[in-house]
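Novice: Quick one: sequence plus predicted model below, questions after.
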2 protein chains.
Amino acid sequence: MTDLFAGIEAGGTKWVCMIAAHPEDIRASTRFPTTQPEETIGAAIAFIKRQIQPGELKGLGIGSFGPLDLAPESPTYGFLTTTPKPGWANSDLISPFRGAFDLPTGFDTDVNAAALGEARWGAAQGLIDFVYMTIGTGIGGAGMVNGGLIHGLVHSEMGHLHIPHDKERDPFPGVCPYHGDWLEGLATGPAIEARWGKRGENLPPEHPAWQLEAHYLALGIANLIFTLSPQRIILGGGVMEQEQLFPLIRKSVLDILSNYISAKEILENIEQYIVPPGLGSQAGVLGAIALGQRAAERIG
Amino acid sequence: MTDLFAGIEAGGTKWVCMIAAHPEDIRASTRFPTTQPEETIGAAIAFIKRQIQPGELKGLGIGSFGPLDLAPESPTYGFLTTTPKPGWANSDLISPFRGAFDLPTGFDTDVNAAALGEARWGAAQGLIDFVYMTIGTGIGGAGMVNGGLIHGLVHSEMGHLHIPHDKERDPFPGVCPYHGDWLEGLATGPAIEARWGKRGENLPPEHPAWQLEAHYLALGIANLIFTLSPQRIILGGGVMEQEQLFPLIRKSVLDILSNYISAKEILENIEQYIVPPGLGSQAGVLGAIALGQRAAERIG
């Protein structure tokens, strides 16, 4: 019998739930808007129960928006902590699932989940050091180092990277001027819309918006390369569906790095170095499946 | 019999060599200027041979300036690669020692060595996620993640982090204007001297130079926190001998982070979060001893 897992991509706007063995064997999936915790978690539990008989599942994984408490020894392990999203601060994302299903349960940030999915089945197969970033209404990132996901004290917050901002070239102060020159303030979808007065998908591919966007993302990526020296950078999220960004980002990263880093994997093969997710827009929920699978492996 | 190790801190300006079992049992040490590879390496080998009988050493470690080839499967493993230092590009730092001593030999960047030393005997004992930075004539950094040092494709180059540079506050273009707003261009010892016309040790502790220096270092440190979420940050090197920098950096890091990261280990205990090296100015060479010890452990 095929081992099946439940995966939940818990986002601030929507939740995606899936039952699958792996990306080629997806049994069911659904998505619904994020409302209040009890209702949203309840909808996820109800979906899983409708799809599957008790005993068919081997594990469950949750990849969530943050910030999260990921310290297994903490009394609030599995909680959202200080999120500004109304109703969700200090809410327990694990216990309701543990109450409903007696299963090995993996829990991590949405981006760590996606990174694990990419490592198992996507663009990072065989790699032990890589970065996954998502650029959409926010910017998040996950890093794998020596085969293990970065957690540290809390977890990565790569959208908060502070980068140079040439205000003569781009006088836009950022979507949240109070916060200063952080990547998320300058380069998310809402930043593009606020700067140019149009949503990104309504700007033509040759619009200067994309050159500027690529410049900021390249600065953030370069900082990640200087810190982590990854074997590959995977860029997903709604903004990266603008495929014209990839060649612009690659060129801009090379412009920044060529003065410092001589790695033929970057300089000679940038098309294979900065890539879209192998799992496409399903990286997040398939990553949650991977979290459930890993939880089962660790216990089994 | 005590296990003894040889450590070599191979710097671009000077080499430091030591024979020791651990920081409390140092048998001999020496330092000499970096001249040409054959001469400098020869001096290190001669020092070790003078100090010790064959058979007394259990391992040898080399922590070197870079960039280095650290891929064990590479034909040029243990080589300096593209360094601008005359005579040293493409020089083999391991083979001469392997030829002179039949010993387990550890090899890594100078900062990775120092980080390993701090993990074994210094300010990072018991930690599995931390950052070690050195700020002097250059800026380098090393990160440990889940108990292993970051290597990745090449190795970290944390001095190359790109950070915001407010040119109204600080019109100094950086020691190498061509390179743009990178940490090393704005915050090394030579940058301080070029900006203020005096060497750092000749500027009084209340000079505005230190506030600005702390601001730049805090931006780099914040970027490392957003990426790695380390349990501690250790700051060494010549510039950090200006002890007034520590409180200024701590305050500036808090100012940047308090909007984003709520970890009581940082917000409530910053004095224990950003600290000098436990091994002081010997972090580098004792780190090389630690590399030799680890190499022996892995083989033995």
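Specialist: Alright, I've got the coordinates. If you're wondering where the values come from, they're calculated on a predicted model, not measured in any experiment.
Novice: which parts of the stretch 151-300 of chain A sit against chain B?
Specialist: A:151-165, A:178-181, A:219, A:222-224, A:226-231, A:256, A:259-263, A:265-266 (CB under 8 Å from any CB of the partner chain). (Each C-beta comes from the backbone N, C-alpha and C, glycine too.)
Novice: one more time with 6 Å
Specialist: Neighbours of chain B within the stretch 151-300 of chain A, by CB under 6 Å from any CB of the partner chain: A:152-157, A:160-164, A:179, A:181, A:219, A:223, A:226-231, A:259-260, A:262-263, A:265.
Novice: so of those, which ones are in helices?
Specialist: A:219, A:223, A:226, A:227, A:228, A:265 (DSSP state H).
Novice: Now do the same contact list for the fifth one.
Specialist: Contacts were defined as CB atoms under 6 Å, 6 or more residues apart in numbering or on different chains; by that measure residue A:228 touches A:143, B:152.
Novice: separation between residue A:55 and chain B?
Specialist: 34 Å (CB to the nearest CB, to the nearest Å).
Novice: Check which helix or strand that residue maps to.
Specialist: Using DSSP states H and E, residue A:55 is not contained in any helix or strand.
Novice: Residue A:250 - nearest residue in space that isn't next to it in sequence?
Specialist: residue A:270 (4.5 Å; CB to CB, 6 or more residues apart in numbering or on different chains).
Novice: and residue A:166, how many neighbours?
Specialist: 15 (other CB atoms under 10 Å in any protein chain shown).
Novice: ok so, going back, near the residue nearest to residue A:250, how many other residues are there?
Specialist: Neighbour tally, residue A:270, other CB under 10 Å: 19.
Novice: quick one: it and chain B, what's the gap?
Specialist: With CB to the nearest CB as the criterion, residue A:270 and chain B are 13 Å apart.
Novice: Could you measure from that residue over to residue A:233?
Specialist: As judged by CB to CB, to the nearest Å, residue A:270 and residue A:233 stand 10 Å apart.
Novice: ditto for residue A:30
Specialist: 31 Å.
Novice: and if you look at residue A:20?
Specialist: 26 Å.
Novice: got it, and residue A:100?
Specialist: 37 Å.
Novice: Of those two, give the one with the bigger neighbour count.
Specialist: residue A:233 (26 against 16).
Novice: Need phi/psi at residue A:286.
Specialist: Reported as degrees, to the nearest 10, the phi and psi values for residue A:286 are phi -70, psi -30.
Novice: show me what contacts the spatially closest residue to it that is not a sequence neighbour?
Specialist: Leaving aside its chain neighbours, residue A:286 sits nearest to residue A:117 (4.3 Å; criterion: CB to CB, 6+ apart). Shown in contact with residue A:117 (CB under 6 Å, 6+ apart): A:279, A:283, A:286, A:287, A:290.
Novice: What strands line up against the strand or helix carrying residue A:60, and which way round?
Specialist: Following DSSP H and E, one finds residue A:60 within strand A:57-64. Here strand A:57-64 is paired, per DSSP bridges, with strand A:4-10 (parallel), strand A:105-109 (parallel).
Novice: of these, which approaches residue A:126 most closely?
Specialist: strand A:105-109 (21.1 Å; CB to CB).
Novice: Can I get that closest one in PDB, CA atoms only?
Specialist: Provided in PDB are the C-alpha atoms of strand A:105-109 (Å, rounded to 0.1, in the frame of the first residue of the first chain):
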ATOM      1  CA  THR A 105       3.400  15.700  12.400                       C
ATOM      2  CA  GLY A 106       6.100  17.900  10.800                       C
ATOM      3  CA  PHE A 107       5.900  21.600  11.300                       C
ATOM      4  CA  ASP A 108       8.000  24.400   9.900                       C
ATOM      5  CA  THR A 109       7.800  27.800   8.100                       C
END
